[in-house]
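Student: Next one to model:
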Amino acid sequence: MARHDVKTLLVMRHATAAWAADGVDHHRPLTGHGHGEAAATGRWMTERGWIPDQIVCSDALRTRQTCVWIGEALGEKAPTPYLDPRLYGADATGALSIVNETEESTRSLLVIGHMPWVQGLGMRLMSADSDEDAALDMAQDYPPAGLQVFEVEKPWAELDGRDARLVSFITP
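Tutor: Numbering: from 1, shown residues only. Presented below is the predicted three-dimensional model:
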């Protein structure tokens with residue numbers, strides 16, 4: 001496939017969250033530190049030109065707040081995020097099925113979600129030619145606001161496993 005046909009998949013864990021005042025996990029907000037982590041990840045994305053055409057985000061408060069900080073860093077280039085409630089309780093297979101629904105015209109997709117599926121999805125998608133250091137870092141420790149960057153040469157609908165090249169894993 002020609003280089004211009006390579007798409008980018010960004011998979012991000014939400015930033016550090018506090019406990020919800022009402023005790024409901026879905027309502028957990030970001031901490032002050034989490035706001036800084038999310039902003040730092042957004043700046044990293046912007047500095048490196050990783051500007052998503054589309055953002056799909058869990059509808060939990062902490063992921064929505066993370067998405068706001070990413071959007072702030074992206075500025076006018078930020079797409080309107082789609083909140084998908086299926087990402088909140090998903091596993092890696094469920095999250096992958098949401099990625100598989102992406103229109104082929106999307107060249108760069110950011111998915112913001114939760115452990116353990118963000119790490120599980122990365123482990124499932126990572127091809128044999130992935131960056132070894134990035135793969136080891138992601139597999140050993142996936143902290144809040146961690147971001148995986150994959151190169152994808154297949155149609156979104158055909159992603160299944162070991163078919164995306166992990167090129168970077170960053171943490172704020």
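Student: T80 sits in which helix or strand?
Tutor: Assessed by DSSP states H and E, T80 sits outside every helix and strand.
Student: again, but for E37
Tutor: According to DSSP H and E, E37 maps onto helix 32-47.
Student: residues of that helix that come out buried?
Tutor: 34-46 (16 or more other C-beta atoms under 10 Å). Every residue, glycine included, has its C-beta placed from N, CA and C.
Student: Among those residues, which one sits closest to E153?
Tutor: When those are compared for distance to E153 (C-beta to C-beta), M45 wins out at 21.1 Å.
Student: just checking, that closest one touches W69?
Tutor: No - between M45 and W69 there is no contact under C-beta atoms under 8 Å: 10.9 Å.
Student: what residue of the protein is the furthest out?
Tutor: Computed with C-alpha atoms, centre = their mean, the maximum C-alpha offset from the centroid of the chain is found at D22, amounting to 27.2 Å.
Student: Could you look up the SS state of it?
Tutor: Classification of D22 by DSSP: H, G, I helix; E, B strand; the rest coil places it in coil.
Student: pLDDT score for it?
Tutor: Per-residue confidence (pLDDT) for D22: 97.
Student: any idea how far it lies from G32?
Tutor: From D22 across to G32, the span is 20 Å (C-beta to C-beta, to the nearest Å).
Student: Could you do R62 as well?
Tutor: From R62 to G32 the distance is 13 Å (C-beta to C-beta).
Student: Repeat that for G161.
Tutor: Distance from G161 to G32, by C-beta to C-beta: 38 Å.
Student: that older thread, packing partners of the helix holding E37?
Tutor: helix 61-74, strand 147-152 (3 or more C-beta pairs under 8 Å, 6 or more residues apart in numbering; DSSP states H and E).
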